[in-house]
Structures are given as C-alpha cells and as structure tokens.
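Visitor: A structural model of the following input is requested.
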Amino acid sequence: MELRMPPTFDWDAIEDIAIALTDKHPDTDPLTVRFTDMHKWIIELSGFTGDPGASNESKLEAIQMAWNEEFQDRQS
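Guide: Now for the predicted structure:
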C-alpha cells in the first residue's frame, strides 16, 4: 500500500511528517534523535512549508511519538 503525501504540509500535519521522516530515515530510531536534529530534518522535508520558528517542544514531542509509532509498525 503506497501512502500519498500531500503536496505541502506544515507543523500540524503530524502524521504526514512522521511518515516522511520514516521514509527518509528508515533505520533511525526516533527516540534517539535530538529535537534540534529532528527540527532540522523536518524543515528539510520536501513539501514542508511551515515556519521554522513556529515549532515548539509539544509539537516536536507529538511528531516524535507519531514517528516512533510509524517506525515500530514498519519493524514488524
């Protein structure tokens, strides 16, 4: 099953960001990634149009948890 990403997305597209991060970094355990690195990776994603300054710890934490769930799903 191929998941289709929206053409553009921002910080509120938590699931889309999680899928994109898993696609781009398939062997990276999300729980080992520092928020500063994750922030950089997110703003570098193709189609990401969010304001880099509009993120906060709670958004990054939610993204990390969604990314971890996607990562775990793909491991099984």
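Visitor: quick one, helices of the chain?
Guide: 14-24, 35-43, 57-75 (DSSP state H).
Visitor: Deepest in the core, which of those is it.
Guide: Sort the helices of the chain by mean neighbour count, taking mean count of other Cβ atoms under 10 Å, and helix 14-24 sits at the top with a mean of 19. Bear in mind the C-beta positions are built from the backbone N, C-alpha and C, glycine included.
Visitor: before we move on, back to that, could the helices of the chain go into JSON lines alongside mean pLDDT?
Guide: Below are these laid out as JSON lines (pLDDT from 0 to 100):
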{"stretch": "helix 14-24", "mean pLDDT": "95"}
{"stretch": "helix 35-43", "mean pLDDT": "98"}
{"stretch": "helix 57-75", "mean pLDDT": "97"}
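Visitor: Relative to Gly50, which of these is closest?
Guide: Gly50 sits nearest to helix 35-43 of all the helices of the chain, at 7.4 Å, using Cβ to Cβ.
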